[in-house]
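Chemist: I would like the atomic coordinates for the input below:
(one chain, ligands or ions: 2)
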Amino acid sequence: MNIVANPVVEVDQTVYLKDYQKPSFLVDSVDLDIQVFDDKTYVTAKLVMQRQTAGDLVLLGRDLELKSIALNGQALAEDAYTLDTEQLVIANAPDQVVIETQVLIHPETNTQLEGLYQASGDLFVTQNEPEGFRKITFYPDRPDVLSVFTTRVEADKKFPVLLANGNLIEAGEAGNDRHYSIWQDPTKKPAYLFACVIGDLAVLKDRYVTSEGRDVALEIYAEPKDIPKCHIAMEALKHSMRWDEEHYGRPYDLDNYMIVATSAFNMGAMENKGLNIFNTSCVLADEEFTTDAAIMRVQSVIAHEYFHNWTGNRITCRDWFQLCLKEGLTVFRDQSFSEDLQSAAVQRIDDVAVLKAHQFPEDSGPLSHPPRPDHFVEINNFYTATVYEKGAEINRMMFTLLGKEKFRKGTDEYFERHDGQAVTVEDWVAALTAGSGVDLSAFLIWYNQPGTPKLEAQGTYDATAQTYQLSFKQSLKAHAKYANLKAVPIPVALALFNAETGEQLTLNSTALFENGVKDGVYLFDTDTATIEFTGVTTKPVVSLLRNFSAPVNLEFNYSDKELAFLMQFEPNGFNQWQATQTLLDRILLNDHVADIYIQAMKNTLPDLIQKDPLLASRLFDVPAEGYLGSRIDAGYNPVQIQEKRNALLKTLARELGSFCKDTYLELDPDNQKEFSQAMGVRALKNIMLMMMARQGDVDAFELAHQQYQTTRNMSERLGALKVLVWNDAPQAKEALADFYTHFKDEALSMDQWFMVQAAHPEATAATIAYLTSHPDYDLTVPNRIRSVSGGLNANPVNTWSFGVQHFIELAKYLDEKNPIVGSRLLQVLSRWYTLAEPQRSQVQAELEALKPLVKSKNVSESLNSMLAV
Ligand code: B3K
Ligand code: ZN
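Modeler: Ligands and ions are numbered 1, 2, ... in the order given. Predicted coordinates for the structure are as follows:
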């Protein structure tokens with residue numbers, strides 16, 4: 001009966017949305033008994049099942065050693081079922097069955113970090129989304145099978161903490177220095193939301209009383225030394241709970257909410273019902289050990305996982321094709337939460353920057369897929385920027401169109417209709433339509449199509465008639481796998497400004513409303529259209545796609561001067577930033593001269609730095625080399641892009657002259673009341689130091705060194721360290737050594753130490769070899785792998801030279817050890833075909849050579865798509 005999993009990829013393993021069928025059996029209740037030993041774990045499961053439709057009884061299972069199986073109390077003979085590496089099938093099962101199985105599993109050797117695994121010497125955790133539960137026990141492991149779970153966890157007393165979902169109903173001695181606890185989760189849930197934790201951890205406790213008066217015990221579990229770093233997460237949790245009550249009318253539904261931190265985790269965090277498991281990088285936050293950006297991320301991920309309790313857990317997905325139903329909506333909700341937490345404009349800037357840096361390139365390359373794909377080989381490959389970020393944008397577009405009140409009516413309807421169900425994207429859009437009274441069905445097109453639409457617009461002013469006309473055209477690039485691409489509904493938020501005074505004009509035209517324009521939002525949902533504004537007395541400047549109202553590539557024939565105007569006069573900070581980015585795209589990709597941009601920066605910054613340092617810091621954003629590269633579809637030469645970008649930064653630094661040092665010396669984060677403004681000041685000071693270094697001002701190194709030595713804040717320390725290391729300053733070596741001595745026991749800080757060195761613009765293969773053979777480099781910890789790989793990939797010139805080997809070697813190694821992470825890292829090379837020769841052919845040859853060596857569905861699906869261009 002021993003089954004050793006060895007999935008072979010020769011047969012076509014593609015799964016199609018169109019083939020969806022209801023499960024033949026549902027599970028009324030599950031009783032689990034998990035007994036953990038040093039060298040093995042026994043899992044006993046009792047499933048009470050009922051037939052729903054005709055068909056075999058199918059239990060999915062992978063890497064399980066079946067010890068016993070009984071059906072309705074009778075041991076099942078071996079010929080009464082079939083068993084292979086993926087499933088156990090019982091034909092002709094009666095309509096009511098109780099199945100009892102016992103299996104043996106090996107969490108202590110599970111390096112894939114999926115199912116139940118040993119995360120460290122004193123911690124076992126689970127990760128079951130999407131298909132990990134089948135590595136714990138035989139089960140209909142699919143999201144449309146919801147059940148009530150009772151879990152008994154038993155282990156040696158060296159693991160004092162035994163947790164599972166729901167309420168603790170019993171705990172006690174199990175003999176032989178062992179103990180147990182029994183947990184019951186009253187809410188029905190799919191198996192991917194099951195979690196248990198066995199470990200030796202400390203806990204931070206708090207309470208929260210919901211709007212319904214429920215007194216909820218809040219607990220964050222982490223290593224004892226990390227407990228002081230859990231307070232920001234705890235505050236963010238309470239804040240999220242209040243926010244969801246106020247904004248969506250959703251109170252929490254259990255008496256406890258637990259979060260467990262582990263450093264061995266494939267992604268950010270997991271929303272298991274009442275028992276979230278988090279990567280330490282998304283829960284530990286502390287000015288001394290983690291950066292401001294990490295602190296913001298912790299707050300948003302805490303909110304994200306909490307918000308899943310309603311959008312994901314109470315209402316879940318019918319099948320994994322619907323992943324963006326829960327992820328897109330929950331990302332939209334966490335983005336809105338973060339907009340309330342700091343400056344809304346800056347939050348939007350950061351979210352759009354992520355979208356453009358990750359989702360747009362993904363959607364323009366061989367891995368492009370719709371937010372709701374219609375086929376996949378390995379669902380783990382679809383936790384993508386498209387599913388998450390573009391999914392969020394679809395919800396934001398509908399929100400923009402409906403406005404707050406109607407959107408709320410729509411979400412109320414969704415919760416009312418579907419609480420306790422596993423549903424589809426269609427169900428969501430239908431509920432939103434019914435609740436708001438606005439037909440949103442056309443937005444389904446967005447869910448089903450790949451690619452970033454191109455939105456071309458043109459403005460014509462008629463001085464005699466005093467009218468301003470805007471004509472629009474939309475198009476999408478053809479896609480090999482998705483035909484019949486249709487026009488999508490694009491909400492275009494817009495404003496007109498008086499070009500002389502900077503004053504915003506009232507949008508004035510009866511045609512506006514007839515054409516669907518309201519509150520400055522025009523819904524463009526055909527291939528082409530023209531709208532007209534009347535009573536426009538002078539030629540206006542138009543601001544289009546305000547707040548990035550749709551995830552499209554806008555092409556509008558702005559003059560550079562008009563963009564500079566918007567940089568200065570747009571009242572909304574996001575739109576100022578957007579104008580700056582458009583101008584920079586033109587300078588860096590289309591050879592426009594930089595003068596207008598530099599003058600506009602000089603005009604805008606002095607005031608802005610005083611008024612809103614955080615926004616001012618973002619105005620210094622210059623599109624990353626990777627993003628610029630992703631805008632080039634053929635003949636891409638990374639060195640050329642790097643040179644252009646450096647030249648622009650150098651010119652900016654030179655032109656700003658003494659302003660950089662003056663600003664650096666004048667700004668003091670301690671003078672700011674709000675955390676977000678202090679964060680802005682720290683960011684600005686670090687930018688000023690970099691600028692000074694670009695000016696060739698040797699004082700930059702002295703100031704950076706002082707900043708490094710005197711601060712207790714990680715953003716300041718790291719900012720200074722980057723200036724020293726990336727410019728090979730004389731103080732760099734000593735600072736790196738000092739950092740190591742101070743932080744060698746702090747994994748998250750050490751991730752930064754690795755990252756800074758890997759991201760050195762002049763890093764070489766030897767730098768990477770030094771880092772990856774360092775005693776603190778650890779291939780079993782994804783955070784550490786990502787710190788080096790991510791740092792390396794900050795410089796595409798390096799990625800596409802010696803980096804190719806690094807990524808290919810990693811994919812080869814992780815293919816077996818941790819294919820989820822291996823596949824993700826290999827995707828860094830997905831735009832290889834855009835490179836200029838001879839690099840293009842060289843990388844292609846290396847990818848081709850990898851093909852016969854990989855076995856996992858994850859890596860081979862990515863590699864096959866990447867090579868099929
Ligand atoms: N739902 C999880 C993601 C699980 C990823 C599995 N490869 C985290 C989140 O989006 O909240
Ligand atoms: Zn999520």
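
Chemist: the nearest residue to G73 once chain neighbours are set aside bridge partners, please.
Modeler: Counting by Cβ to Cβ, 6 or more residues apart in numbering, G73 lies nearest to V98, which is 7.1 Å off, once chain neighbours are set aside. The way it works is simple: take the backbone N, C-alpha and C, and place the C-beta from them, glycine included. Beta-bridge pairing of V98 under DSSP bridges involves V48.

Chemist: correct me if wrong: V98 contacts I69.
Modeler: No. With contacts counted by Cβ atoms under 8 Å, V98 stays clear of I69, the gap being 11.6 Å.

Chemist: residue of the protein closest to ligand 1, please.
Modeler: Residue nearest to ligand 1 within the chain: E129 (4.2 Å; Cβ to the nearest ligand atom).

Chemist: how many residues are close by that residue?
Modeler: Other residues near E129 come to 26 when the count uses other Cβ atoms under 10 Å.

Chemist: what sits against R152?
Modeler: D31, L32, D33, I34, Y180, S181, I182, W183 (Cβ atoms under 8 Å, 6 or more residues apart in numbering).

Chemist: these: which two are farthest apart?
Modeler: With Cβ to Cβ as the measure, no two of the contacts of R152 lie farther apart than D31 and S181, at 14.3 Å.

Chemist: more crowded one of these two?
Modeler: When D31 and S181 are compared for neighbours, S181 comes out ahead with 21 against 18, by other Cβ under 10 Å.

Chemist: could you check the pLDDT of the more buried one?
Modeler: pLDDT, S181: 98.

Chemist: surely it touches E170?
Modeler: Yes. S181 lies in contact with E170 (Cβ under 8 Å); the separation is 7.0 Å.

Chemist: which residues do the two both contact?
Modeler: What both S181 and E170 touch, as defined by Cβ under 8 Å, 6+ apart, is an empty set.

Chemist: packing partners of the longest helix along the chain?
Modeler: Assignment by DSSP state H gives helix 391-418 as the longest helix of the chain. Using 3 or more Cβ pairs under 8 Å, 6 or more residues apart in numbering; DSSP states H and E, the elements in contact with helix 391-418 are helix 231-248, helix 323-341, helix 425-436, helix 444-448, strand 490-498, strand 521-524.

Chemist: do you know which of these lies nearest ligand 2?
Modeler: Closest to ligand 2 of these, according to Cβ to the ion: helix 323-341, at 4.8 Å.

Chemist: need the next SSE after that closest one, C-terminal direction.
Modeler: helix 344-354 (DSSP states H and E).

Chemist: does anything pack onto whichever helix or strand comes after that following helix? Which helices or strands?
Modeler: Next helix or strand after helix 344-354 toward the C-terminus (DSSP H and E): helix 360-363. Counting contacts by 3+ Cβ pairs under 8 Å, 6+ apart, helix 360-363 packs against helix 625-630.

Chemist: so which bits of this protein are right by ligand 2?
Modeler: E327, T330 (Cβ under 5 Å from the ion).

Chemist: pull the helix or strand with minimum mean pLDDT from the chain.
Modeler: Every helix and strand in the chain was compared by mean pLDDT, DSSP states H and E; the lowest is helix 510-514, with a mean of 47.

Chemist: and the helix or strand that L847 is a member of, average pLDDT?
Modeler: Using DSSP H and E, L847 sits in helix 839-850. Mean pLDDT, helix 839-850: 98.

Chemist: now that helix: buried residues?
Modeler: Q839, R840, V843, Q844, L847, L850 (16 or more other Cβ atoms under 10 Å).

Chemist: for the last one, what are its contacts?
Modeler: What that stands for is L850. L850 makes contacts with I808, A811, K812, L863, as judged by Cβ under 8 Å, 6+ apart.

Chemist: now do it against T772, distance only.
Modeler: Distance of L850 to T772, computed by Cβ to Cβ, to the nearest Å: 18 Å.

Chemist: check T126 too.
Modeler: T126 sits 29 Å away from T772, going by Cβ to Cβ.

Chemist: between these two, which has more neighbouring residues?
Modeler: The neighbour comparison of T126 against T772 (other Cβ under 10 Å) goes to T126, with 28 against 18.

Chemist: identify the residues contacting the residue lying closest to A811 once chain neighbours are set aside.
Modeler: Excluding the flanking residues, the one nearest A811 by Cβ to Cβ, 6+ apart is L826, at 4.1 Å. By Cβ under 8 Å, 6+ apart, the contact set of L826 is F807, I808, L810, A811, V859, S862, L863, M866.

Chemist: okay, stretch 181-192 in PDB with CA atoms only?
Modeler: Once non-C-alpha atoms are left out, stretch 181-192 reads as follows in PDB (Å, rounded to 0.1, in the frame of the first residue of the first chain):
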ATOM      1  CA  SER A 181      -5.600  19.700  22.400                       C
ATOM      2  CA  ILE A 182      -8.900  19.500  20.500                       C
ATOM      3  CA  TRP A 183     -10.300  22.400  18.400                       C
ATOM      4  CA  GLN A 184     -13.700  22.800  16.900                       C
ATOM      5  CA  ASP A 185     -14.400  25.300  14.100                       C
ATOM      6  CA  PRO A 186     -18.100  26.000  14.000                       C
ATOM      7  CA  THR A 187     -18.000  27.600  10.500                       C
ATOM      8  CA  LYS A 188     -18.100  25.400   7.400                       C
ATOM      9  CA  LYS A 189     -15.000  25.800   5.300                       C
ATOM     10  CA  PRO A 190     -13.100  24.300   2.400                       C
ATOM     11  CA  ALA A 191     -10.000  22.300   3.300                       C
ATOM     12  CA  TYR A 192      -7.600  24.900   2.000                       C
END
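
Chemist: touching ligand 1 at all, that stretch?
Modeler: No. Stretch 181-192 does not reach ligand 1 (Cβ under 6 Å from any ligand atom); its nearest approach is 8.3 Å.
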